[in-house]
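Q: model this:
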Amino acid sequence: MSLRRRAVLGATVLLLAWYAFCLPRRLFDAPCATVVTDRHGELLGARIAGDGQWRFPPCDTVPERFAACLIEFEDRRYYRHPGVDPLALARALWQNLRSRHVVSGGSTLTMQTVRLSRGNRRTLGEKCVEAILATRLELRCSKREILALYASHAPFGGNVVGVDAAAWRYFGHAADRLSWAEAATLAVLPNAPSMIHLSRNRDALLAKRNRLLAQLHRRGVVDDMDYALALGEELPSEPLPLPQTAPHLVSYFFGHARGRQTVSTVDRDMQTQVESLLERWNAEFAASDIRHLAAIVIDVRSNQVLAYCGNVHFGDGRTGSQVDVIRSPRSTGSILKPLLYCAALQDGEILPHTLLPDIPVNINGFSPQNFSLQFDGAVPASEAIARSLNVPSVVLLRRYGVPRFHDFLGRAGISTLSKPSSHYGLSLILGGAEATLWDVTAAYAGMARALSGLERTVPGFVANEGDGRTLAPLFRPGAVWQTFEAIKEVNRPEEIDRRMVPSMQTVAWKTGTSYGFRDAWAVGVTPRYAVGVWVGNASGEGKPGLVGARTAGPVMFDIFNMLPAAGWFGMPEGEFVDAEICPLSGHLKGRFCDGAVTQTVLPVGLKTQACPYHTHVTLSADERFRVFEHCAGAEPVVHRDWFVLPPAWEWYYRRRHPEYRPLPPFKPGCGNDARLPMQFIYPQGSGAVVTLPRQLDGSPGEATFELAHSHADATVFWHLDETYLAATRDLHKITLMPAPGRHVLTAVDSEGNVLAISITVR
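A: Residues are numbered from 1 along each chain as shown. A predicted model of the protein is given here:
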């Protein structure tokens, strides 16, 4: 082979190699807007690209009408040339020579796509490069792919790039819904995008659009009716704002999926209904200076978010309106109580109606109060949860164990418990910890899924994400059933506000109010939906009327009334066994319980304590006195099984339960009461530490000691160490200022019963 041939061959190989690699692997590298759609592809909202352009992420397909208009206007032989159209170039050359200036470039859509990617000035040399790169692009991509590249990056006037963004900015809907007139308008814009200022050149733009429509009509692409309708459509008057649906969710994706298009699990129709509902309620709450609301709706079956309303008034500049409360940690109030009840049931700590004390308590200085500031003495656990009583809940948590419940909440998905359990203590159940509306609602949804026989999965709000990511089972269906049965009743006299919206379906629900009236919660579940609502001020400012049952509860029920009815859960099979239960104490039937009832309980509940509150007593014939049979002689006696509560419980219990009968006293000379009729309310138990508060002048303050006595007419004599202090009757309280150190506080009643405890004063 001659040297010349070798040189030609080498040059040819080099040219072919250059041609093979001349086209960049990635044609366009401009930043894109963040776009979020609902589960059906409907646009929820978008955030502008980093370079200030409304440039949606590239589309894969081009709407048929726009494609037809674009090809007719720009490149009629598009599907018949290899990227360069010699006929079009020749025609452009002839037109330019005849007019003595450039009137046509002859570029194909493929060449224009290359020009958009390069962004260089239009010169003859640049056009040659574009022609070569266009033929190479035709070898890499299909015609439909090239058309999609062009449609995604063509300028449409102002800062609008791409047909998807243009359709929304100029016509307020998606590109696949373009009419013939709208498609023709957008098809002519990239040819001269400066014409879309909408306040000028409107006549020229309209004429250009109509000429294109006429061409399509003559060729039979547009029929007579569509042509007549298209000619009657007006041009847009000004760019339209993009939708602002679920704006806090869109902002979330702007931070976590910037520059991408995300298909969320949100249902746009449901989202707009919930947003409108929140706006109406916000207008009412604003009169009380309660400014913010948030709500979330989760589909229990799929564990996907259907509505995500992080707050109200996102775009109006109000302080705090852009805070996404759904993901903001807030004080939980009472919203976690059903989780404790469920945990205690499935771990065999209680039965559904086990009596819990509801009396004043002071645990190392922690003195919880019920919302009503009243005490019932003793209440069934189910009622304590339904009525959201604080004292029984604290007692139940103390029995269950704070570290144990702290771990349970973490496994339930409460992700904000960043400190050890000792940091929260017993206040964990009363709002001493923070949680997010997302975590709490997801936990309730997890309970509903367990009861429906579904796997425990991670909740999601991105389509096709979260599926299959199962978690270890946590909730037992039987315990969830008993929990939901306790909290599904609507008529709770101490909690429900008179304005409560009536529910059109059965809902298991709970409200909560944080300390200082800063946060109002409501979460409810049905077999199909879990709904969580938060009401308050994003700044944490408290308001007197900010109570869960008066604010968040009505909003939650309004949302449920908007949702399709879902029936109720079926009782889970194979989860329960029958047991004889004491109807008064809620414990397993004890030896002296009379009138036991059969109830279904979890098998682990059979290990709980038998009723400790019934005892067998012998009474005189008139039942006025207790007696020992050996001293009754020939007098007739009767035997009774008697329900007896501890004295402190009894003191409050009989005020709410007039049917309760305290034990009769022993007949004089016929027995002594081995059961002390007295019990200290404060302090509770020997070894208690009593801290005296400081007065305003710095001097030590006083402490009030209190006890309950089973006999209403008893007189109690108080002693501190060896010193007699005073006598009390009816209300047994005494206020003292003991010196620092160890003391013995002694109470003696008129029957000679003695009760003493040691205390340390500091």
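Q: Over to residue 36: give its phi and psi.
A: Here is the backbone geometry of residue 36 (degrees, to the nearest 10): phi -130, psi 130.
Q: whoops, residue 450 was the one
A: According to degrees, to the nearest 10, residue 450 has phi -60, psi -40.
Q: do you know how far it is from residue 660?
A: Distance check for residue 450 against residue 660: by Cβ to Cβ, to the nearest Å, it reads 38 Å. Every residue, glycine included, has its C-beta placed from N, CA and C.
Q: The two: which is more packed in?
A: residue 450 (22 against 16; other Cβ atoms under 10 Å).
Q: if I pick the closest residue to the more buried one other than its chain neighbours, what's in contact with it?
A: Distance criterion Cβ to Cβ, 6 or more residues apart in numbering; nearest residue to residue 450, sequence neighbours excluded, is residue 475 at 3.9 Å. Neighbouring residues of residue 475 by Cβ atoms under 8 Å, 6 or more residues apart in numbering: 342, 346, 412, 446-447, 450-451, 456.
Q: Can you point out the helix or strand that includes the spatially most central residue of the chain?
A: By Cα atoms, centre = their mean, the chain has its centre lying nearest to residue 438, at 3.0 Å. Using DSSP states H and E, the element containing residue 438 is helix 437-451.
Q: Show me what that helix is packed against.
A: Packing partners of helix 437-451 (3 or more Cβ pairs under 8 Å, 6 or more residues apart in numbering; DSSP states H and E): strand 292-299, helix 337-346, helix 477-487, strand 519-525, strand 529-536.
Q: Dump these to JSON lines, plus mean neighbour count and mean pLDDT.
A: Formatted as JSON lines, the helices and strands packed on helix 437-451 follow (neighbours: other Cβ atoms under 10 Å; pLDDT from 0 to 100):
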{"stretch": "strand 292-299", "mean neighbour count": "27", "mean pLDDT": "97"}
{"stretch": "helix 337-346", "mean neighbour count": "25", "mean pLDDT": "97"}
{"stretch": "helix 477-487", "mean neighbour count": "24", "mean pLDDT": "96"}
{"stretch": "strand 519-525", "mean neighbour count": "29", "mean pLDDT": "96"}
{"stretch": "strand 529-536", "mean neighbour count": "29", "mean pLDDT": "97"}
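Q: show me the residues around the nearest residue to residue 312 once chain neighbours are set aside that make contact.
A: Residue nearest to residue 312 in three dimensions, not counting chain neighbours: residue 282, with 4.8 Å by Cβ to Cβ, 6+ apart. Contact analysis of residue 282 by Cβ under 8 Å, 6+ apart lists 291-293, 312-313.
Q: Then residue 448?
A: Listed by Cβ under 8 Å, 6+ apart, the contact set of residue 448 reads 300, 480, 484, 508, 525-527, 530, 569.
Q: So in terms of bridging, what pairs with residue 637?
A: Note on residue 637: beta-bridge partners by DSSP bridges are residue 620.
Q: Against residue 136, how distant is it?
A: Counting by Cβ to Cβ, the separation of residue 637 from residue 136 is 112 Å.
Q: what do you get for residue 30?
A: Remark: distance between residue 30 and residue 136 (Cβ to Cβ) = 21 Å.
Q: same thing with residue 761?
A: 92 Å.
Q: hang on, the earlier thing: arrange the contacts of residue 448 in TSV, one row each, with distance to residue 554 as further columns.
A: Output for those, formatted as TSV (distance: Cβ to Cβ, whole Å):
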residue	distance to residue 554
300	22
480	25
484	21
508	17
525	17
526	17
527	22
530	18
569	24
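Q: Name the nearest of these relative to residue 609.
A: The shortest approach to residue 609 among those belongs to residue 480, at 23.5 Å (Cβ to Cβ).
Q: Mind checking the helices and strands packed on helix 437-451 for the one nearest to residue 757?
A: Closest to residue 757 of the helices and strands packed on helix 437-451 is helix 337-346 (Cβ to Cβ; 29.0 Å).
Q: Which residues outside the closest one are in contact with it?
A: Contacts of helix 337-346 (Cβ under 8 Å, 6+ apart): 350-352, 381-382, 385, 388, 393, 396-397, 399-400, 404-405, 408-409, 412, 429, 443-444, 447, 475-476, 478-480, 482-483, 486-487, 510, 512, 602, 604-605.
Q: Show me where the stretch 101-250 of the chain dips below the pLDDT cut-off.
A: Scanning the stretch 101-250 of the chain for pLDDT under 70 picks out the ranges 101-106, 192-199.
Q: Which parts of it are strands?
A: Assigned by DSSP state E, counting those that start in this stretch, the strands in the stretch 101-250 of the chain fall at 160-161.
Q: just the helices in it please.
A: 109-118, 124-140, 143-153, 163-171, 180-188, 202-218, 224-232, 247-256 (DSSP state H, counting those that start in this stretch).
Q: and the first one, what other elements does it pack with?
A: For helix 109-118, the elements it packs on are helix 64-74, helix 124-140, helix 143-153, judged by 3+ Cβ pairs under 8 Å, 6+ apart.
Q: Looking at those helices, spot the one closest to residue 165.
A: Once the helices and strands packed on helix 109-118 are compared by Cβ to Cβ, helix 143-153 is nearest, at 9.3 Å.
Q: So residue 283 belongs to a helix, correct?
A: Yes: using DSSP: H, G, I helix; E, B strand; the rest coil, the assignment for residue 283 is a helix.
Q: what's around residue 670, how many residues?
A: Neighbour tally, residue 670, other Cβ under 10 Å: 18.
Q: pretty sure it is touching residue 627, no?
A: Yes: using Cβ atoms under 8 Å, residue 670 is in contact with residue 627, at 4.6 Å.
Q: now the strands for the stretch 501-650 of the chain?
A: Going by DSSP E, counting those that start in this stretch, the stretch 501-650 of the chain shows strands at 508-513, 519-525, 529-536, 577-581, 597-601, 614-620, 637-643.
Q: before we move on, what about the stretch 351-500 of the chain?
A: Counting by DSSP E, counting those that start in this stretch, the strands of the stretch 351-500 of the chain are 355-358, 377-380, 434-435.
Q: Do me a favour and average the pLDDT over the second one.
A: Think strand 377-380. Strand 377-380 shows a mean pLDDT of 94.
Q: Which other helices and strands does it contact?
A: strand 355-358, helix 647-656.
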